[in-house]
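Trainee: here you go, sequence then predicted model.
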Amino acid sequence: MNIAMGVSGGIAAYKAAELARLLMENGHTVEVVLTHAAQEFIRPLTFAALTGRKVITDLFATGGGDEVLSSAIEHIRVAQDNELLLVAPATADLLAKFAHGLANDFLSTLYLAFRGPVVLAPAMNSNMWQHDATRANLATLASRGHTIVEPGVGHLACGMVGAGRLAEPAQIAAVVQALAHPRRDLDGEVVLITAGPTQEPLDPVRFLSNRSSGKMGYALAEAARARGARVILVSGPVELARLVDVETVSVRTAREMRDAVMARVPEATIIIKAAAVADFHLELVPQQKIKKTPARFSLELSPTPDILAEVGAVRGDRLLIGFAAETQDLVREARRKLETKKCDMVVGNLVGGEGLGFESDENEVVLVTRRGDAIPVARASKRAIADRILDESLKLRLALHGVA
Ligand code: PMT
């Protein structure tokens, strides 16, 4: 595929070089456009050497005669020659320009002239990322059908820790790959997914919860949607942007999640339970804040409904995939949950290590199936793991029920 790759001016511009290399490695041709600000962070020569092509740095050529004439329509030529427009990193300024149709440099004029799919990978300070103006611009761009590769959470160049770090080049390349070769193997399926933590109130200001960010469940929702499924996402409280074309039901407690899931089971053909549901809750939540006392203090907690087990009891011939977050005996525990909760597959997720499982952008899992397999899936982005879970689920259904 011919890709026009815009790079705008943020500290993450250096990662765009790795991204260009990955895209080339995946067999694409890449024509790079650098904004003026991007050139403060990275030199055109880097991209010229990687792509073997001239890098576009200005709307108008500085020479004279024919060169100036042709440069005046160069953005139209680039728009026509390329099949996908990718911008990484996309700064807050760039998103604002695209959202409002400004056309005062090469990249923004190219955007208006371009008619194909657009992928934007934002990167910025987390306050800028959360600002209402940026949220509104993103909503406008998403409503045009553009693909937004969400930034990750982590240490930012400004010294803050939060959302705004450019997604990893491998993740952006995987999104481009999926658009270049769309798989529609979930056409006609209705995939019900749970994601995120639950919060169990202890009083009006405190609650019991866990570290789930929702990233694994949202990655599954994104992957299933991209492969043609209608997706219903029952989500606990998370800080992720709502997914376009995914019906999201927001819940807070395990009971609310149970009710939302059980109401939607009848229409689902595949159910995936990636949420980290609290196992205990306080049955009678006091109306007033619990007062501090010098004495020891204990609360009696009751078990929450086991949603996966309840779904397992009524699942019929739906494909049912559970998760098992464990700190030890991963395969044994996953197998036990597979049997007791009547699942077809349990995704064993070793948690507690650095950079994997809860909160991280990457994961490493073992897929334990009803056929007796334990398939290890090596460390990869949660989006890539999500696709692998879907691949293996479909293969399993074919093997168990003869349904493709
Ligand atoms: O959200 P992220 O930050 O991306 O992290 C991803 C993850 C680690 C949360 C995810 O990959 C994961 O492992 N999810 C399952 C977490 C969990 O609660 O595991 P569990 O072993 O306690 O539960 C087993 C299964 O039963 C899960 O499918 C869970 O959704 C389900 N369950 C658990 C308790 C309960 N009351 N009802 C349930 O349905």
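Mentor: Arrived safely, thanks for sending. Numbering: from 1, shown residues only.
Trainee: can I assume residue 278 sits in a helix?
Mentor: No: counting by DSSP: H, G, I helix; E, B strand; the rest coil, residue 278 is not part of a helix but coil.
Trainee: count of residues packed around it?
Mentor: 21 (other C-beta atoms under 10 Å). From N, CA and C alone the C-beta is placed, and that goes for glycine too.
Trainee: show me what contacts it?
Mentor: Contact partners of residue 278, counting by C-beta atoms under 8 Å, 6 or more residues apart in numbering, are 197, 198, 199, 200, 208, 209, 210, 253, 254, 304.
Trainee: just the buried subset of these, written out for PyMOL, thanks.
Mentor: Restricted to buried positions by 16 or more other C-beta atoms under 10 Å, the PyMOL selection for the contacts of residue 278 reads:
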select buried, resi 197+198+199+200+208+209+210+253+254+304
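Trainee: list the buried ones in the host helix or strand of residue 377?
Mentor: Taking DSSP states H and E as the definition, one finds residue 377 inside strand 374-381. When neighbours are counted by 16+ other C-beta under 10 Å, the buried residues of strand 374-381 are found to be 377, 380, 381.
Trainee: with stretch 343-363 instead?
Mentor: 343-351, 356-358, 360-363.
Trainee: so which of those reach the ligand?
Mentor: Among those, the ones lying close to the ligand by the criterion of C-beta under 6 Å from any ligand atom are 349, 351, 357, 358.
Trainee: name the nearest residue to the last one, ignoring sequence neighbours.
Mentor: With C-beta to C-beta, 6 or more residues apart in numbering as the measure, residue 211 is the residue that lies nearest to residue 358, at 4.1 Å, once sequence neighbours are left out.
Trainee: what sits against the one you found?
Mentor: Residues in contact with residue 211, defined by C-beta under 8 Å, 6+ apart, are 197, 276, 358, 359.
Trainee: secondary structure and pLDDT added to those residues, as TSV?
Mentor: Converted to TSV, the contacts of residue 211 look like this (DSSP: H, G, I helix; E, B strand; the rest coil; pLDDT from 0 to 100):
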residue	secondary structure	pLDDT
197	strand	98
276	strand	98
358	coil	94
359	coil	92
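Trainee: wait, what's in contact with the closest residue to residue 382 other than its chain neighbours?
Mentor: When the adjacent residues along the chain are set aside, residue 382 lies closest to residue 219, with 4.0 Å between them (C-beta to C-beta, 6+ apart). Contacts were defined as C-beta under 8 Å, 6+ apart; by that measure residue 219 touches 381, 382, 383, 385, 386.
Trainee: which among those residues gets closest to the ligand?
Mentor: Comparing the contacts of residue 219 against the ligand with C-beta to the nearest ligand atom places residue 382 closest, at 6.1 Å.
Trainee: what about that closest one, how many neighbours?
Mentor: Here the number of neighbours of residue 382 (other C-beta under 10 Å) works out to 23.
Trainee: beyond the helix or strand of the chain with the lowest mean pLDDT, next helix or strand please.
Mentor: Taking mean pLDDT, DSSP states H and E as the measure, the helix or strand of the chain with the lowest value is helix 66-71, at a mean of 50. Counting by DSSP H and E, the next helix or strand C-terminal to helix 66-71 is helix 74-81.
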